[in-house]
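In: Whatever this is, show me its structure:
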Amino acid sequence: MFDLIWRVALTVGLMFMGYDLSRAQSASPPPQELFARHCAACHGVQRQGQMGPALLPESLERLRRGDARDVILKGRTATQMPAFGEQLSPTEVDSLVQWIYTPSSPRPTWSESDIRASRTELVDVRKLPSRPQWKADPLNLFVVVEGGDHHVSIVDGDRFDVIHRFASRFALHGGPKFSPDGRFVYFGSRDGWITKYDLYNLRVVAEVRAGLNMRNVAVSGDGRWVLAGNYLPHTVALFDSDLQLVRTLTAGLLDGRATSRVSAVYDAAPRQSFIVALKDIPELWEISYNPRAEPIHDGYVHDFRMGEAIASPGFLGVRRTPLSEPLDDFFFDPPYRHVIGATRPRTSQEGESAPTAQVINLDARQRIATLPLPGMPHLGSGITFSHQGRSVLATPNLQQGLISVIDLQNWRLIKQIPTPGPGFFMRSHEHSPYAWTDAMMSPQARNILSVIDKNTLEVVAQLKAPEGQTLAHIEFTRDGRYALASLWEKDGALIVYDARSLKEVKRLPMSKPVGKYNVWNKISRSEGTSH
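Out: Residues are numbered from 1 along each chain as shown. Below you'll find the predicted structure:
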């Protein structure tokens, strides 16, 4: 009997041992090991990006986890990203997805020496022809960012033909910016790369990595400077037009007690300065690139003429404007004397604050008005135009289906124009009687473009794509005769409309054309175009 019990116990023990060994053999390696084995060579040991893009939560905030899983399984066409569906199990893929959306520890850094080491010059611009090497109006080109497969198309704005198409960095963001003559365009990517592209010769001439997670870039009105604003690290990085680093500035308080992500950087050409919004600190910065800029006196000064404070240089220095709330994005009035900025809801011990809009006088360096805008206005995509002899600002709304129209003389709300749903982009042109807006933030109405009469402030027409598709982001030709819209789908298109009859003229197949930018409208700061 004892022998029988012993044999049964031994058999059961061996069975469980075999199960444990089998489970140990089938257990997936930890995600760190999987990443090091399959991903680090291209994406960096700390996921900060190298040949491939950064794989940090900040860089992936617009990429759904399901889409990230598909990329790992299937790869990306027209890129060096291979498919791992046959090498990794579903459990391992899920583990990797979870890992790349987890904050990196220790947090990766990006120093001035890292920036300088990242710079590459692919060609000496001085050796390239100084005239366009193709036949088209160089000021009526469209630069089209295709997010579906991370390419850029250069489109002739007269014939609506693609002149050239090339691969871009991953996830371009913030809109390309042009040199004053329209020859060069600067692209910024979410993972920090700035690419300088020569439109005349259709080639990349230089690149540099300004940070690990970048919001956008701005080009100075004189074409000499490029400024980048970063989420990670908390810096702004200043370059010359050849993308040689000049300096970095920590985005923080004067006393160094706190630092901030950078919400946005824009050029204020009439002021010869850059304007910088900080996301986590209630300050607005102005950085002058005028060599004769007045000295900066920080802190309280009774009379700076009496030498009562030590001044810092005004040229490329930071002039700070204290705010009651940080600005998430902003817009300029036509004279560039005022910034109209939006705040986002903030959670505190008292609860969540409602979003607001502030008017900041850049000369007085203080808030002069609070705008009565409900919901969440998207002022970064606002436009100005003339309405019955008065200059007005119109802004879409990320939360509500309406357009807010503000009188820029007295900062009063003129009208709320209902739309089918919350929108993101709005555009017009000085030669067009209409302003166009989308409803792309609406699950039900993202296929609808609304056309607004600028005189009556009424929606007079709607253009529709098939239900479930997204129709967004209008841009006009140089003369305002045609309006181009994006069918924002993987198998999407650039749709050309007659801007008066609103009839479709032509359709160019493209891969999720997220934005298009007309050279003339941008460099001339055309009315109705975001700057």
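
In: Could you double-check that Gly92 lies in contact with Leu34?
Out: For residue 92 the amino acid is Glu, not Gly. Yes: judged on CB atoms under 8 Å, Glu92 makes contact with Leu34 at a distance of 5.8 Å. Backbone N, C-alpha and C define where each C-beta goes, glycine included.

In: Neighbour count: these two, which is higher?
Out: Taking other CB atoms under 10 Å, Glu92 and Leu34 do not tie; Leu34 has more neighbours (20 against 17).

In: Please tell me how far the more buried one sits from Trp99.
Out: Distance from Leu34 to Trp99, counting by CB to CB, to the nearest Å: 8 Å.

In: is the nearest residue to Leu502 once chain neighbours are set aside in a bridge, and if so with what?
Out: Once flanking residues are discounted, Leu502 sits nearest to Ala461: 5.5 Å by CB to CB, 6 or more residues apart in numbering. Beta-bridge partners for Ala461, by DSSP bridges, are Val451.

In: how about Ala461, what does it touch?
Out: Ser450, Val451, Leu502 (CB atoms under 8 Å, 6 or more residues apart in numbering).

In: rerun that using 10 Å as the cut-off
Out: Contacts for Ala461 (CB atoms under 10 Å, 6 or more residues apart in numbering) come out as Tyr434, Trp436, Leu449, Ser450, Val451, Ile452, Asp453, Leu502.

In: roughly how far apart are Pro334 and Lys454?
Out: Where Lys454 is concerned, Pro334 sits at a distance of 15 Å (CB to CB).

In: neighbour count winner among those two?
Out: Lys454 (20 against 15).

In: contacting residues for the more buried one?
Out: Contacts for Lys454 (CB under 10 Å, 6+ apart) come out as 383, 385-388, 392, 394, 405, 428, 432-435, 528.

In: In strands, which of the residues you listed fall?
Out: Among these, the ones falling in strands (DSSP state E) are Ile383, Phe385, Ser386, His387, Val392, Ala394, Val405, Ser428, Tyr434, Ala435.

In: Give me the nearest residue to the fourth one, chain neighbours excluded.
Out: Computed as CB to CB, 6+ apart, the closest residue to His387 that is not its neighbour in sequence is Lys454, at 6.0 Å.

In: what about that neighbour, distance to Val519?
Out: Taken as CB to CB, the span from Lys454 to Val519 is 24 Å.

In: go on, Leu243?
Out: Leu243 is 20 Å from Val519, by CB to CB.

In: Contact partners for His173?
Out: His173 neighbours (CB under 10 Å, 6+ apart): 59, 62, 145, 147, 187-191, 213-217, 514-515.

In: at 6 Å instead, please
Out: Neighbour list for His173: Arg190 [criterion: CB atoms under 6 Å, 6 or more residues apart in numbering].

In: just the strands in the stretch 51-200 of the chain please.
Out: 120-121, 141-146, 151-156, 162-167, 177-178, 184-188, 193-198 (DSSP state E, counting those that start in this stretch).

In: Next, work out how far apart the residue nearest to Leu502 and Glu430 are.
Out: 20 Å.

In: just Ala342 next, same as before
Out: Distance from Ala342 to Glu430, by CB to CB: 25 Å.

In: Please identify which of those two sits among more neighbours.
Out: Ala342 (27 against 14).

In: any idea what sits nearest the more buried one, other than its immediate chain neighbours?
Out: Leu379 (4.7 Å).

In: what does Arg367 give?
Out: Take Arg367 and drop its neighbours on the chain: the residue closest to it by CB to CB, 6+ apart is Gln358, 5.1 Å away.

In: residues in contact with the one you found?
Out: Contacts of Gln358 (CB under 6 Å, 6+ apart): Gly341, Arg367, Thr370.

In: in the protein, which spans are helices?
Out: Secondary structure of the chain (DSSP state H): helices at 2-26, 31-38, 40-43, 65-74, 90-100, 112-118, 519-523.

In: ranking those helices by mean pLDDT, which is last?
Out: Here the lowest mean pLDDT among those goes to helix 2-26, at a mean of 46.

In: pretty sure Ile192 is in contact with Arg209, am I right?
Out: Careful, residue 192 is Gly and not Ile. Yes: Gly192 lies in contact with Arg209 (CB atoms under 6 Å); the separation is 4.8 Å.

In: Stretch 278-296: which residues count as buried?
Out: Leu278, Lys279, Ile281, Glu283, Leu284, Trp285, Glu286, Ile287, Ser288, Tyr289, Ala293, Ile296 (16 or more other CB atoms under 10 Å).
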